[in-house]
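A.B. asks: Provided below for reference: sequence and predicted model.
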Amino acid sequence: MVAGIVQEPLINKGVKSRRDTAIAEDTVGTTQLDTVPEPKYWHLKTVLSEALDSEFSVGEILPNERDLAARFGVARATLRQALEQLELEGRLQRRRGVGTTVAPPRMGVAVGSEQHTWPGAVGDAWQLADCALAVPPSAVAKALETEPDEQVHIVRRSRVTHGQPVAAELLYIPAASVPDLSGIDAPSGAARARGVLRELQRLGLESQDRSVELGSARADDAKELDRLPGAPVLVVTTRFVAEGGTAAVSVATYRADTCRLTFGDAGGVEIHHDPERRAS
């Protein structure tokens, strides 16, 4: 076990606990962070991770940054780096109006399968929220091969697992992919979104490809996912190909603290459930 670096437990519960021995007082008055070759915040992250495993329960609130920094004998900037790394690894969550809490095990959510299907097909786990016409981001417009100022249909969807929001999606569909929307009376909302997806499914889906990257939650995504702006997220971009061209582009933002992605032999992307909380 890694030796301790603080003068007192993270939370003084009035009794001697394993945390008192795991995070012990340095007898010479300086922390072991001063002698380790690795970055200070990384060593601090390791010690914090062991404390989370041994003494904290899921949902428990950590002391505030000022108290933690004082008890660990480190600068608040170093502490923030360690906490951010633990959040990125899914060990901690920063919740609005609550503070930093111990995160639950990551849950399983299927992102892709071996079969290529259109959004909204049978078995699709996404929930429709809205649909509107707007100009997409330049990168999306380039992928769709639309003009820079050309409006496209933007379908907004969300995904909830075990009552917890885990992903938000923006599905960009050019007018050329859904030419006949005359039968849709609703100008916006979930009803229009359903109509747009039904029309899209008339095309013969030839293929789809995905890319996954780590990103930071934008303000609108953070609000929908119950996260703080800038929180780590996993961005899955899917390009749907039909009739030799890009028929639609999906940009789905997943909570990095709840999702763990692995890639199977067939190319499908899945997010698996961690049956046990493991040390980082």
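C.D. replies: It's in.
A.B. asks: what stretches of the protein score poorly on pLDDT?
C.D. replies: 1-37, 106-115, 183, 260-280 (pLDDT under 70).
A.B. asks: quick one: buried residues of the lengthiest helix in it?
C.D. replies: In the chain, assigned by DSSP state H, the helix with the most residues is helix 40-55. Of the residues in helix 40-55, 40-41, 43-52, 55 count as buried by neighbour count, 16 or more other C-beta atoms under 10 Å. Using the backbone N, CA and C atoms, a C-beta is placed for each residue, glycine as well.
A.B. asks: TSV please, covering the residues you listed and showing distance to residue 143.
C.D. replies: Converted to TSV, these look like this (distance: C-beta to C-beta, whole Å):
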residue	distance to residue 143
40	42
41	37
43	43
44	41
45	37
46	41
47	44
48	41
49	39
50	44
51	45
52	41
55	48
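A.B. asks: thinking again about what came up before, what's the next helix or strand after the longest helix of the chain packed up against?
C.D. replies: As assigned by DSSP states H and E, the chain's next helix or strand after helix 40-55 is helix 65-72. Using 3 or more C-beta pairs under 8 Å, 6 or more residues apart in numbering; DSSP states H and E as the contact test, the elements touching helix 65-72 are helix 76-88.
A.B. asks: what does the helix it packs on rub up against?
C.D. replies: Identification of contacts with helix 76-88 by C-beta atoms under 8 Å, 6 or more residues apart in numbering yields 33, 39-42, 44-45, 48-49, 52, 65-66, 68-69, 72, 92-94, 100, 103, 231-232, 256-257, 280.
A.B. asks: C-alpha coordinates for stretch 157-176, PDB please?
C.D. replies: Output of stretch 157-176 as PDB, limited to C-alpha atoms (Å, rounded to 0.1, in the frame of the first residue of the first chain):
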ATOM      1  CA  ARG A 157     -32.300  12.700 -28.400                       C
ATOM      2  CA  SER A 158     -31.400  11.500 -25.000                       C
ATOM      3  CA  ARG A 159     -30.600   8.300 -23.300                       C
ATOM      4  CA  VAL A 160     -31.400   7.200 -19.700                       C
ATOM      5  CA  THR A 161     -30.200   4.100 -18.000                       C
ATOM      6  CA  HIS A 162     -31.400   3.000 -14.500                       C
ATOM      7  CA  GLY A 163     -33.100   6.400 -14.200                       C
ATOM      8  CA  GLN A 164     -29.800   8.300 -14.800                       C
ATOM      9  CA  PRO A 165     -29.100  10.400 -17.900                       C
ATOM     10  CA  VAL A 166     -26.000   8.900 -19.600                       C
ATOM     11  CA  ALA A 167     -26.000  10.400 -23.100                       C
ATOM     12  CA  ALA A 168     -27.300  13.300 -25.300                       C
ATOM     13  CA  GLU A 169     -27.300  13.100 -29.100                       C
ATOM     14  CA  LEU A 170     -27.700  15.600 -31.900                       C
ATOM     15  CA  LEU A 171     -28.600  13.800 -35.200                       C
ATOM     16  CA  TYR A 172     -27.900  16.000 -38.300                       C
ATOM     17  CA  ILE A 173     -30.000  15.100 -41.400                       C
ATOM     18  CA  PRO A 174     -29.800  17.200 -44.600                       C
ATOM     19  CA  ALA A 175     -33.000  18.000 -46.500                       C
ATOM     20  CA  ALA A 176     -31.800  15.800 -49.400                       C
END
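A.B. asks: gap between that stretch and the chain center?
C.D. replies: From the chain centre to the centre of stretch 157-176 is a distance of 13 Å (C-alpha atoms, centre = their mean, to the nearest Å).
A.B. asks: quick one: the strands in the stretch 101-250 of the chain?
C.D. replies: Here the stretch 101-250 of the chain has its strands, by DSSP state E, counting those that start in this stretch, at 109-110, 127-134, 152-161, 164-173, 205-216, 232-242, 245-255.
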